[in-house]
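J.: for reference, the sequence and a predicted model appear below.
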Amino acid sequence: MAVKTTTITVETETLIIVHRAKAALDWCPDCRAQVDVITLDRDSLIEFATTAQIHQWQSKGKLHLWQPAHGLTRICVTSLLQCIG
């Protein structure tokens, strides 16, 4: 009796839409290094799916996101690229 094997490959893409984010250099407390960051205001994430994905990555410890005492929320670009890579 011959056994048939079928391989199924699923490719997905991640799309993050960020609107009005500003890039800067800053200290990432998780990387413990100076990295590129994007700063976000409350209107920067324009799709609910994007916001949900960011919260999921952050809760798993993959995304480095923080808010300094004074200023806008910051996302470490290095960790963001690793999340979507």
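T.: Ah, there it is.

J.: for the lowest-mean-pLDDT helix or strand in the chain, buried residues please.
T.: Lowest mean confidence among the helices and strands of the chain (mean pLDDT, DSSP states H and E): helix 48-59, at a mean of 82. Applying a neighbour-count criterion of 16 or more other C-beta atoms under 10 Å, the buried positions in helix 48-59 are 50, 53, 54, 57, 58. C-betas here are computed from N, CA, C, even on glycine.

J.: partners of the closest residue to the last one other than its chain neighbours in the sheet?
T.: Computed as C-beta to C-beta, 6 or more residues apart in numbering, the closest residue to residue 58 that is not its neighbour in sequence is residue 65, at 5.1 Å. Partner residues in beta bridges with residue 65: residue 75, with DSSP bridges as the criterion.

J.: quick one: residue 65 and residue 83 touch, right?
T.: No: between residue 65 and residue 83 there is no contact under C-beta atoms under 8 Å: 10.7 Å.

J.: run a quick neighbour tally on the residue nearest to residue 58.
T.: 18 (other C-beta atoms under 10 Å).

J.: same check on residue 74?
T.: Around residue 74 there are 23 other residues, counting by other C-beta under 10 Å.

J.: ok, it to residue 21 distance?
T.: Distance of residue 74 to residue 21, given as C-beta to C-beta, to the nearest Å: 10 Å.

J.: likewise residue 36?
T.: In this view, residue 36 and residue 21 are 11 Å apart by C-beta to C-beta.
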